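A.B. asks: What would the 3D arrangement of this be:
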Amino acid sequence: MTTVEVQEWILANPLYTFLITLALSLVAFLIARLIIARGLVALARRTKTQIDDIILKALRPYRIAWLVPLVILYALADMTGEYQPWVEKGLLFLILWIVALTFNALLDAINLIYESSASFKGASIQGYLDIVKILVLIAAIIVSISLFTGQSPTVLLTGLGALTAVLLLVFHDTILSFVASVQISTQDLIKEGDWIEVPSYDADGDVVNMTLHTIKIQNWDKTISVIPTHKINEVAYRNWRGMQESGGRRIKRAISIDQGSIRFCDPDMIARFRKVDILRPYLDQRTAEIERENRAKGIELDSPLDGRQLTNLGTFRAYVEAYLRNHKDIHQQGLDFLVRQLEPGPTGVPIEVYAFTKTTAWAEYERIQADIFDHLLASVGVFDLRVFQEPTGMDFAAAFRGNPGAY
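C.D. replies: Next up, the predicted model:
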């Protein structure tokens, strides 16, 4: 049959033509879905890399398979006669939205591949991709309206100028979130994986996801806090990333010494303290220094107040410093190291340790800190000092029984 004869037959038999077109579309759809799409899924499962799995899951090959029959039907739409304009518009509408949804899913796949790569440092691009996805959806809506109204997309865009105020109202949070995302990204304020505290939202944990509109935080109790992105720049928060990157975590804790137990060191005490190996260099240096100064001033120690004297509190403070200087888990250089006496108060004289551990891991840090203060608290009595604590019911009971020495 010639081309002219085929066209005449098509015009003379519209029903058969329609059925043949549907049959061709159905065959093409089955080939695309059952052979091509299923083959791609099976092939992706056999590869070692995860990239193709991520892309394929986002693209949804079984959904894309619908494009094949739709394109075939659109190409043969002229066979529908007077219904051709409406058939073409309906098919173009379906093709348009399948392509738009597939493109947005591909953006999600790109973000997932980026965050799972070895070079990912926590700088999220999810917010920017969300903006692109919104623009794609807006473009799809405009083109869809243009299809059914017959108006040019340019005319529709021109008409949107009158709706600017409405759009600003509708997309108010989106605009604020976009500006906040840019500020967070350019100033490197927050990254995925950062440990942050946001007291106003009762959030304390790791940032697990950052999108255009929300920042998701997994708290240490495994609950999830979701904070609007544009709100994070309006409240106070603490980012612990600096601590994690420094390689050390701060110990800032004090032991309160009972002021009634502080005294000058007598020769017997000094001789006893000198048996502590790490304390001996300090005692030798200080006693020699004090003797030289007192001799130079002609001071006779008829009274402890006549010249300089060692105290058990000062010796204990020197011991704490020497102990920490010899501790394998404490930074000795590069980070602050201090053992200081704070202002005396109603709860005694605080001796504070200000130092940094060599690890930032929470559990290990707590273990190191606990071991240090276990040792220091047990060492206080060796220097004839007492740790201050509020009296308990046992103390009052002992006092009423006539044993005030227990308190």
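
A.B. asks: Excluding chain neighbours, give the residue nearest to D204 in space.
C.D. replies: Distance criterion C-beta to C-beta, 6 or more residues apart in numbering; nearest residue to D204, sequence neighbours excluded, is E197 at 4.7 Å. For glycine as for every other residue, the C-beta is placed from the backbone atoms N, C-alpha and C.

A.B. asks: With I31 instead?
C.D. replies: In space, and not counting its chain neighbours, I31 is closest to V68: 7.6 Å by C-beta to C-beta, 6+ apart.

A.B. asks: rewinding a little: from what I can see the residue nearest to D204 touches A236, true?
C.D. replies: No. Counting by C-beta atoms under 8 Å, E197 does not reach A236; the two are 9.2 Å apart.

A.B. asks: how about the residue nearest to D204, secondary structure?
C.D. replies: Here E197 is recorded as strand under DSSP: H, G, I helix; E, B strand; the rest coil.

A.B. asks: how close does it sit to Q183?
C.D. replies: Using C-beta to C-beta, to the nearest Å, one obtains 19 Å as the distance from E197 to Q183.

A.B. asks: residues contacting I255?
C.D. replies: Taking C-beta atoms under 8 Å, 6 or more residues apart in numbering, we find I255 in contact with P350, I351, F373, L376, L377, V380, V387.

A.B. asks: what about the third one, neighbour count?
C.D. replies: Neighbour count for F373, taken as other C-beta atoms under 10 Å: 15.

A.B. asks: For the closest residue to it other than its chain neighbours, name its beta-bridge partners.
C.D. replies: Using C-beta to C-beta, 6+ apart and skipping the chain neighbours, the partner closest in space to F373 is R253 (6.5 Å). Beta bridges link R253 to V353, judged by DSSP bridges.

A.B. asks: quick one: R253 from F337, how far?
C.D. replies: Separation of R253 from F337 (C-beta to C-beta): 14 Å.

A.B. asks: Tell me where the stretch 251-400 of the chain has helices.
C.D. replies: Using DSSP state H, counting those that start in this stretch, the helices of the stretch 251-400 of the chain run over 267-273, 280-296, 312-325, 362-379, 393-400.

A.B. asks: These: which one's closest to G247?
C.D. replies: helix 362-379 (12.0 Å; C-beta to C-beta).

A.B. asks: Which other helices and strands does that closest one contact?
C.D. replies: If you count contacts as 3 or more C-beta pairs under 8 Å, 6 or more residues apart in numbering; DSSP states H and E, helix 362-379 packs onto strand 249-257, helix 312-325, strand 349-357.

A.B. asks: can you redo those as a markdown table with mean pLDDT and distance to L43?
C.D. replies: What follows is the helices and strands packed on helix 362-379, written out as a markdown table (pLDDT from 0 to 100; distance: least, C-beta to C-beta, whole Å):
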| stretch | mean pLDDT | distance to L43 |
| --- | --- | --- |
| strand 249-257 | 94 | 48 |
| helix 312-325 | 94 | 60 |
| strand 349-357 | 95 | 50 |
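
A.B. asks: Adding distance to R295, write the ones you listed out as JSON lines.
C.D. replies: Listed next are the helices and strands packed on helix 362-379 as JSON lines, based on distance: least, C-beta to C-beta, whole Å:
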{"stretch": "strand 249-257", "distance to R295": "31"}
{"stretch": "helix 312-325", "distance to R295": "21"}
{"stretch": "strand 349-357", "distance to R295": "31"}
